[in-house]
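Trainee: Model the structure of this input:
(one chain, ligands or ions: 2)
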Amino acid sequence: MRISVIVPVYNEAENLGPLYKRLTAVLEGIDDTPHELLFVDDGSTDGSADTIAALAKTDPRVRLIKLSRNFGHEAASTCGFDHADGDAVVLIDADLQDPPEVIPQMLDRWRDGAAVVYGRRRRRDGESWFKRSSASLFYRLLQRVSDVPIPTDTGDFRLIDRRVVQVLRRCRENPRFVRGLVSWAGFRQEAVEYDRDARHAGETKYRPLALIKLSLVAISAFSLVPLRLAGYLGSAVVVFSLAFTVYIGLSRLLAEELMPWQGYALLTCAVFFLGGIHLIMLSVVAYYIGLIFNHTRHRPIYVLDGVEPFAPAESGNPT
Ligand code: UDP
Ligand code: MG
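Mentor: Numbering: from 1, shown residues only. Ligands and ions are numbered 1, 2, ... in the order given. Have a look, this model is predicted:
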């Protein structure tokens, strides 16, 4: 039995030392279990890769997998899953927001037969009100619209069995939402609760715009509800306009003047409103077409710059 730990790293130089210390302390405390630490450098510009390369020289358990530029967290973790050869694979952030001390609990659940053990956040320290409430809204929305049950209040911190890793390797969609793919894979999935700490150093890489982008990727990857919205909205407008027609007809018959509804103002509002709805729905359709277009290009999800201490691999796409 072997454990792989994947750490996606993007400009986390200050966090790597403390992370390495806490991770290795936890892993060494687990009896007789060989382990490897895969640091995926996602195009850092702050010397993170050099720090990891130095660690890899002194510790044979450490591997540096360097991407050719910044591809984003989802691509970096995918690269980790493609290279991890453990029976249990743990994905953990580099900023120490996810405490490595939870890993033994995850392993216990895994030994008891769970194929995925994800961390569920009981408390989130050091994150803004905006981030917490938008994250909570996002998870609830995603749960409602998605075809697979994606657990709420979970991040990427999780332990995944080799069988599920193999499923992930077969899913080459791009852009991707790894958490959703893990849920989609099925098998027995369980949660362990933990308190999410504040970042050890540095700042979050997920600005509001990046979060919105990821939410769109997640929703479009697991739901076609946005496409159906046009139908729902259209039906509502038809019902409303029919009722309004009847109302206008009746008031013509029964009263001298139409109610305060008449005139250009109403017409102008209605035209702009419906024009807006059309454009919004067009953009939803365009988004899905864009996804199809991206998919047909079959570009690799990431490009490798090299792997240390092993020779550079040739391609970022194992399939
Ligand atoms: N990360 C990455 N590539 C990116 C952005 C982030 O590999 O383009 C890594 C980052 O170094 C960290 C993890 O993904 O280990 C989570 O990022 P962050 O802490 O900024 O996200 P948050 O915890 O605020 O959601
Ligand atoms: Mg973080």
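Trainee: For Val238, the count of nearby residues, please.
Mentor: 10 (other Cβ atoms under 10 Å). (Each C-beta comes from the backbone N, C-alpha and C, glycine too.)
Trainee: Quickly find the element holding it.
Mentor: helix 225-254 (DSSP states H and E).
Trainee: Tell me how far that helix lies from the chain's centre.
Mentor: 38 Å (Cα atoms, centre = their mean, to the nearest Å).
Trainee: repeat for stretch 33-49
Mentor: 20 Å.
Trainee: which parts of the helix holding Val238 are buried?
Mentor: Pro226, Ala230 (16 or more other Cβ atoms under 10 Å).
Trainee: Mind checking the pLDDT average for that helix?
Mentor: Helix 225-254 carries an average pLDDT of 88.
Trainee: change the start of the numbering to 20 and stick with it
Mentor: With 20 as the first residue, the last one maps to helix 244-273.
Trainee: Just name whatever secondary elements that helix is in contact with.
Mentor: Other helices and strands packing on helix 244-273, by 3 or more Cβ pairs under 8 Å, 6 or more residues apart in numbering; DSSP states H and E, are helix 227-241, helix 283-316.
Trainee: try it again with 10 Å
Mentor: helix 148-164, helix 227-241, helix 283-316 (3 or more Cβ pairs under 10 Å, 6 or more residues apart in numbering; DSSP states H and E).
Trainee: most packed of these?
Mentor: helix 227-241 (a mean of 16; mean count of other Cβ atoms under 10 Å).
Trainee: rounded to a whole number, what's the mean pLDDT of that one?
Mentor: Mean predicted lDDT for helix 227-241 stands at 86.
Trainee: That helix close to ligand 1?
Mentor: No: shown here: helix 227-241 not in contact with ligand 1 (Cβ under 6 Å from any ligand atom), separated by at least 7.9 Å.
Trainee: mind exporting that helix as PDB, just the C-alpha atoms?
Mentor: What follows is helix 227-241, C-alpha atoms only, in PDB (Å, rounded to 0.1, in the frame of the first residue of the first chain):
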ATOM      1  CA  PRO A 227     -14.100  37.000  -7.700                       C
ATOM      2  CA  LEU A 228     -13.900  36.800 -11.500                       C
ATOM      3  CA  ALA A 229     -12.000  33.600 -11.400                       C
ATOM      4  CA  LEU A 230     -14.600  32.100  -9.000                       C
ATOM      5  CA  ILE A 231     -17.400  33.100 -11.300                       C
ATOM      6  CA  LYS A 232     -15.500  31.500 -14.200                       C
ATOM      7  CA  LEU A 233     -15.100  28.300 -12.200                       C
ATOM      8  CA  SER A 234     -18.800  28.300 -11.200                       C
ATOM      9  CA  LEU A 235     -19.800  28.500 -14.900                       C
ATOM     10  CA  VAL A 236     -17.400  25.700 -15.800                       C
ATOM     11  CA  ALA A 237     -18.900  23.600 -13.000                       C
ATOM     12  CA  ILE A 238     -22.500  24.200 -13.800                       C
ATOM     13  CA  SER A 239     -22.100  23.700 -17.600                       C
ATOM     14  CA  ALA A 240     -20.100  20.500 -17.000                       C
ATOM     15  CA  PHE A 241     -22.900  18.900 -14.900                       C
END
